[in-house]
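**Q** The following block contains a protein sequence and its predicted model.
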Amino acid sequence: MSRRSGILEFAVLGLLRESPMHGYELRKRLNTSLGIFRAFSYGTLYPCLKTLVANGWLIEEPGSALEDALAASLAGRRAKIVYRLTAEGKEHFEELLSHTGPDAWEDEHFAARFAFFGQTEREVRMRVLEGRRSRLEERLEKMRASLVRTRERLDDYTLELQRHGMESVEREVRWLNELIESERAGRDQRRSGPEGLAEQEDTPGEADGLPRHRDAASPGGTPSARPGPPDPSADTTK
């Protein structure tokens with residue numbers, strides 16, 4: 001199985017953990033909620049769903065009459081099938097969520113993992129964030145060394161492109177530093193709090209580790225929405 005198809009399977013399982021869905025609804029969620037899947041078509045999604053069904057992680061169910069009518073109008077006969085996560089599928093997804101190895105630090109896989117941080121234990125989130133930061137710091141060091149070696153041979157536009165790529169990586173490293181410090185602060189606060197709260201430290205879905213951003217146009221105003229991870233495609237030097 002390719003890395004990209006593995007990321008798609010992970011995202012599908014994560015979305016279906018929230019609720020059963022038709023194929024057309026799944027693709028819509030993949031496109032809108034997880035932008036890294038913009039290019040995926042039904043021709044890619046349905047073979048993935050069939051694989052997950054064959055593995056026993058999903059089951060196919062007929063939709064209701066109302067759902068069938070809506071699905072038929074939007075996506076044809078295929079969309080009449082509702083996909084539901086099985087107990088084995090939920091267990092498999094939780095195993096994937098606990099994985100913190102190098103694959104979880106790569107651009108597309110990290111973006112998918114971050115999208116499901118609300119379902120991920122705090123300590124796992126920390127390891128993934130720290131691993132991603134370490135990977136980017138290594139990339140940044142190589143980019144700087146390459147720029148020093150080649151800058152005399154580059155024209156102004158190519159040099160500017162190299163600098164843009166470095167700035168993109170530097171920006172994500174700063175963003176990760178902020179997230180990591182906020183996760184640590186939330187963890188430490190729980191450990192020093194009432195005894196009853198300490199037991200909830202590693203409960204998935206904790207969002208109080210995120211920094212609270214205020215509207216830059218109105219200091220002291222209401223918190224603004226938290227932006228997602230920087231777009232990996234902005235790194236033009238990969």
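**A** Here it is on my side, so go on. Quick caveat, the model's predicted, so the values are computed rather than measured.
**Q** quick one: low-confidence parts of the protein?
**A** 1-4, 35-40, 64-79, 187-238 (pLDDT under 70).
**Q** at 50 what do you get?
**A** 1, 66, 78-79, 195-202, 212-227, 232-238 (pLDDT under 50).
**Q** Tell me where the protein has strands.
**A** In the chain, the strands defined using DSSP state E lie at 21-22, 58-62, 81-85.
**Q** correct me, but Leu26 touches Val12?
**A** Yes. Assessed by C-beta atoms under 8 Å, Leu26 is found in contact with Val12 at 6.4 Å. In short, each C-beta sits where N, CA and C put it, glycine included.
**Q** Between these two, tell me which one has more neighbours.
**A** Val12 (28 against 24; other C-beta atoms under 10 Å).
**Q** Give me the domain ranges for this protein.
**A** As given by automatic domain parsing, the domain ranges for the chain are 3-97, 111-213+220-234.
**Q** Kindly provide the distance from Ile81 to Gly56.
**A** 17 Å (C-beta to C-beta, to the nearest Å).
**Q** pull the longest helix from this protein.
**A** helix 156-191 (DSSP state H).
**Q** Return the list of helices and strands in contact with that one.
**A** helix 122-150, helix 195-198 (3 or more C-beta pairs under 8 Å, 6 or more residues apart in numbering; DSSP states H and E).
**Q** what's the first one packed up against?
**A** In this case it means helix 122-150. helix 107-115, helix 156-191.
**Q** about what we covered before: so Ile81 and Gly56 - more neighbours on which side?
**A** Under the neighbour definition other C-beta under 10 Å, Ile81 and Gly56 were set side by side, and Ile81 has more, 17 against 12.
**Q** before we move on, the earlier item: output the strands of the chain as JSON lines; include the columns distance to Gly165.
**A** Output for those, formatted as JSON lines (distance: least, C-beta to C-beta, whole Å):
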{"stretch": "strand 21-22", "distance to Gly165": "37"}
{"stretch": "strand 58-62", "distance to Gly165": "39"}
{"stretch": "strand 81-85", "distance to Gly165": "39"}
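**Q** buried sites along stretch 97-105?
**A** 97, 100, 104-105 (16 or more other C-beta atoms under 10 Å).
**Q** Please disregard the earlier target; I meant stretch 122-129.
**A** For stretch 122-129, by 16+ other C-beta under 10 Å, it's 122, 124-129.
**Q** and which of the residues you listed is nearest to Ala87?
**A** Val124 (21.2 Å; C-beta to C-beta).
**Q** Now do the contacts for the closest one.
**A** By C-beta atoms under 8 Å, 6 or more residues apart in numbering, the contact set of Val124 is 97-98, 100.
**Q** Make sure Tyr46 is actually in contact with Gly23.
**A** Yes. The criterion here is C-beta under 8 Å, and Tyr46 meets it with Gly23 at 6.3 Å.
**Q** More neighbours: which of these two?
**A** Gly23 (21 against 15).
**Q** right, and the more buried one touches Thr44 too?
**A** No. Between Gly23 and Thr44 there is no contact under C-beta under 8 Å: 11.3 Å.
**Q** Glu121: how many residues sit nearby?
**A** 18.
**Q** Report the separation between it and Val169.
**A** 27 Å.
**Q** what's the answer for Leu30, then?
**A** Taking C-beta to C-beta, one finds Leu30 at 26 Å from Val169.
**Q** swap in Leu179?
**A** On the measure of C-beta to C-beta, Leu179 and Val169 end up 16 Å apart.
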